[in-house]
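>>> I would like the atomic coordinates for the input below:
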Amino acid sequence: MRRIVGVALLLLAACGNSNPSPPATSAATSAATSAATSAATSAATTAPTTPATSAATSGATSPPTSAATSGPTASGGVPAACAALVKLQTDFGAFVTDYDTVKADGVLLLQISDTLSDQGQATVVALIGQDAQDSAQAFLDGDLAKGARLQNRAVSTIGPAKVALGCT
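Alright, predicted model coming up:
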């Protein structure tokens, strides 16, 4: 772009603004100028855009998709409880919350709580699971105040429960 402006200024200076028609340029000069300009412009335009777009898309999409697909199982223990709590937290935080999924997450947490050997951990996980189930059902029934109260209680308990379980 600077070359084009420089050439235009040189042409204006050479003409002295006294000649109304620009001097003739050869076909070789115009072809070389347009080829160099278009190559530089397209290289400057496409190079920075492509890596940033593909990195942001693949990096942000891959982890949640694989976690949501595989999901935790009720086979038990602290690792399953940690995974189920993370999944519930993610499902509650979704742009559009699917309360059927949240309800299933609550059932899963209740099942996992039966497999925990520490009674305190089992109780906390079961309470979160029950609150998640009741919250989802309240939202599905149209009782928004009850659903929001139970959701807030479940969400505010997930962080401390993950600390108590030693989730990483």
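>>> So residue 128 is in contact with residue 159, correct?
No. Residue 128 lies out of contact with residue 159 (Cβ atoms under 8 Å); the separation is 10.7 Å. Quick note: C-beta positions are derived from backbone N, CA and C, even for glycine.
>>> okay, the two: which has more neighbours?
residue 128 (28 against 12; other Cβ atoms under 10 Å).
>>> next structured bit after the lowest-mean-pLDDT helix or strand in the chain?
Taking mean pLDDT, DSSP states H and E as the measure, the chain has helix 27-70 as its least confident helix or strand, at a mean of 44. Once the chain leaves helix 27-70, the next helix or strand it forms, by DSSP states H and E, is helix 77-92.
>>> Run through the neighbouring helices and strands of that following helix.
Where contact means 3 or more Cβ pairs under 8 Å, 6 or more residues apart in numbering; DSSP states H and E, helix 77-92 is packed against helix 27-70, helix 99-113, helix 119-141, helix 144-165.
>>> 6 Å instead, please
helix 99-113, helix 144-165 (3 or more Cβ pairs under 6 Å, 6 or more residues apart in numbering; DSSP states H and E).
>>> Among those helices, which comes closest to residue 84?
Residue 84 lies closest to helix 99-113 among these, at 5.2 Å (Cβ to Cβ).
>>> buried residues in that closest one?
Residues 99, 101-106, 108-113 are the ones in helix 99-113 that count as buried (16 or more other Cβ atoms under 10 Å).
>>> now do stretch 138-148
Buried residues in stretch 138-148, counting neighbours by 16+ other Cβ under 10 Å, are found at 138-139, 147.
>>> tell me the pLDDT at the closest residue to residue 92 other than its chain neighbours?
Leaving aside its chain neighbours, residue 92 sits nearest to residue 155 (5.5 Å; criterion: Cβ to Cβ, 6 or more residues apart in numbering). Looking at residue 155, its pLDDT is 95.
>>> what about residue 155, neighbour count?
By other Cβ under 10 Å, the residues close to residue 155 number 17.
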